[in-house]
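S.K.: Build the 3D model from these lines:
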Amino acid sequence: MARYTGPKARVSRRLGTNIWGTRGETIALEKRPYPPGEHGRGRRRGNPSEYLLQLQEKQKARFSYGLSERQFRNLYEEAQRRPGVTGENMLRFLELRLDNVVYRAGWAATRPQARQFVSHGHLSVNGKRVTIPSYRLRKGDVVTVGVKAREMIVFVQNRDVLDRRAPGWISLDAEGWTTTVDELPNRDQIDIPVREQLIVELYSK
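M.R.: Numbering: from 1, shown residues only. Sure thing, here's the model as predicted:
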């Protein structure tokens, strides 16, 4: 199953960063800034191994975008086959997922919520309803929130309250219910705190 449904704060504490962007994770990281578990507080804090650093970066990216291990591995292999830098290709593919664009546009508070919106059929791409969160957008694609969904409190609140600026590679219309993929994102426009080169090194072994 692609979606992680376990304790979110536990994962964030283990990886040392707020993965899903929830308030609960922030509180947990502030109150207990050490790994979870019985021995988390006293765990040795020497220099971590190279493998551990690589694994942690992979887990950060995988959990952040909501992929299973198999999905993530397949994405890496596709990125490796494409021209260009493998790590940047991989992050670009992740950013172009429909659920991520819904999140980036400010229609969802978190990526899991964006995934749910897509699965429930509230979004359309180029006029056709799409219910696959992993659907990869292309340059010029237009994503629109459904007419009925625009009346839902959660959509209106997210659009009006969330203080999230859309990245430069997508643009919103004046009403805020339609976004267009103006260009493919480059590395400078992807703000997720992941060192993708470590992921490439992990899978290259």
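
S.K.: only C-alpha atoms for contact and neighbour calcs from this point on.
M.R.: Fine.

S.K.: What residues sit buried inside the longest helix belonging to the chain?
M.R.: The helix spanning the most residues in the chain, taking DSSP state H as the definition, is helix 50-65. Neighbour-count burial for helix 50-65 flags 53-65 (criterion: 16 or more other C-alpha atoms under 10 Å).

S.K.: likewise stretch 133-150?
M.R.: Applying 16+ other C-alpha under 10 Å to stretch 133-150 flags 133-134, 136-137, 141-146, 149 as buried.

S.K.: Quick check: end-to-end length of that stretch?
M.R.: 19 Å (C-alpha to C-alpha, to the nearest Å).

S.K.: Need the pLDDT of the residue positioned nearest the centre of the chain.
M.R.: Geometric centre of the chain, nearest residue: residue 65, 3.2 Å, by C-alpha atoms, centre = their mean. Looking at residue 65, its pLDDT reads 93.

S.K.: could the buried residues of helix 50-65 go into TSV alongside distance to residue 124?
M.R.: Shown next, in TSV, are the buried residues of helix 50-65 (distance: C-alpha to C-alpha, whole Å):
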residue	distance to residue 124
53	39
54	36
55	35
56	34
57	32
58	30
59	30
60	29
61	26
62	25
63	25
64	23
65	20
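
S.K.: for the residues you listed, which one is nearest residue 205?
M.R.: Residue 205 lies nearest to residue 54 out of those, by C-alpha to C-alpha, at 11.1 Å.

S.K.: residue boundaries of the helices in the protein?
M.R.: 8-15, 23-31, 50-65, 69-81, 86-95, 98-104, 111-119, 153-161, 196-203.

S.K.: okay, those in TSV with distance to residue 183 next?
M.R.: Shown next, in TSV, are those (distance: least, C-alpha to C-alpha, whole Å):
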stretch	distance to residue 183
helix 8-15	31
helix 23-31	32
helix 50-65	20
helix 69-81	18
helix 86-95	11
helix 98-104	13
helix 111-119	21
helix 153-161	22
helix 196-203	21
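
S.K.: Out of these, flag the one nearest residue 167.
M.R.: Of the helices of the chain, nearest to residue 167 by C-alpha to C-alpha is helix 98-104, at 7.1 Å.

S.K.: The closest one packs against which elements?
M.R.: Using 3 or more C-alpha pairs under 8 Å, 6 or more residues apart in numbering; DSSP states H and E, the elements in contact with helix 98-104 are helix 111-119.

S.K.: The helix it packs on: which residues count as buried?
M.R.: Buried, per 16+ other C-alpha under 10 Å, within helix 111-119: 111-112, 114-118.

S.K.: With stretch 72-90 instead?
M.R.: Neighbour-count burial for stretch 72-90, counted by 16+ other C-alpha under 10 Å, picks out 72, 75-76, 79-80, 86-90.

S.K.: quick check: mean pLDDT across that stretch?
M.R.: On average, the pLDDT along stretch 72-90 is 96.

S.K.: coming back round to it: can you give me how far the longest helix of the chain is from the chain middle?
M.R.: 13 Å (C-alpha atoms, centre = their mean, to the nearest Å).

S.K.: Alright, I will stop here.
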